[in-house]
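Participant: have a look at this fold, sequence not included:
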């Protein structure tokens, strides 16, 4: 998921000069981005099965923080003069960072019991 987001974001930096390629790339980006949500939600509920409602709420809060962070990073890229085509490259860097955090999380919590969450 994060790899596909990084790849598509990188491609967007090249295709953003023409309308049709940009639309196709944005469709692929949206597909990759929103495909990550259910998998991340399942992961959070699995690791926080003692309080699934709480961790679900925190997960959505984390998505909102991620949206704000992405907007701030994108704005910083533009403000520092790198141009609009550099914003997708910054997004790709954030996706790679998210991949690294996910890999570390799985490595540290790899022995989690995968029983379904219950109240």
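Facilitator: Arrived safely. The structure displayed is predicted, hence computed values, not measured ones.

Participant: residue 96: neighbouring residues, count only.
Facilitator: Burial measure for residue 96: 15 neighbouring residues, criterion other C-beta atoms under 10 Å. Every C-beta, even on glycine, is put in place using the N, C-alpha and C of the backbone.

Participant: oh, I was asking about residue 45
Facilitator: Under the neighbour criterion other C-beta under 10 Å, residue 45 is assigned a count of 17.

Participant: and the closest residue to residue 21 other than its chain neighbours, how many neighbours?
Facilitator: Computed as C-beta to C-beta, 6 or more residues apart in numbering, the closest residue to residue 21 that is not its neighbour in sequence is residue 15, at 3.7 Å. Counted with other C-beta under 10 Å, residues neighbouring residue 15 total 19.

Participant: over to the one 4 residues further on?
Facilitator: Burial measure for residue 19: 9 neighbouring residues, criterion other C-beta under 10 Å.

Participant: what's the spacing between it and residue 69?
Facilitator: 28 Å (C-beta to C-beta, to the nearest Å).

Participant: and the strands in this structure?
Facilitator: For the chain, strands defined by DSSP state E do not occur.

Participant: where does it have low pLDDT?
Facilitator: 109-119 (pLDDT under 70).

Participant: now do the helices in it.
Facilitator: Taking DSSP state H as the criterion, the chain carries its helices at 2-15, 19-47, 52-79, 87-108.
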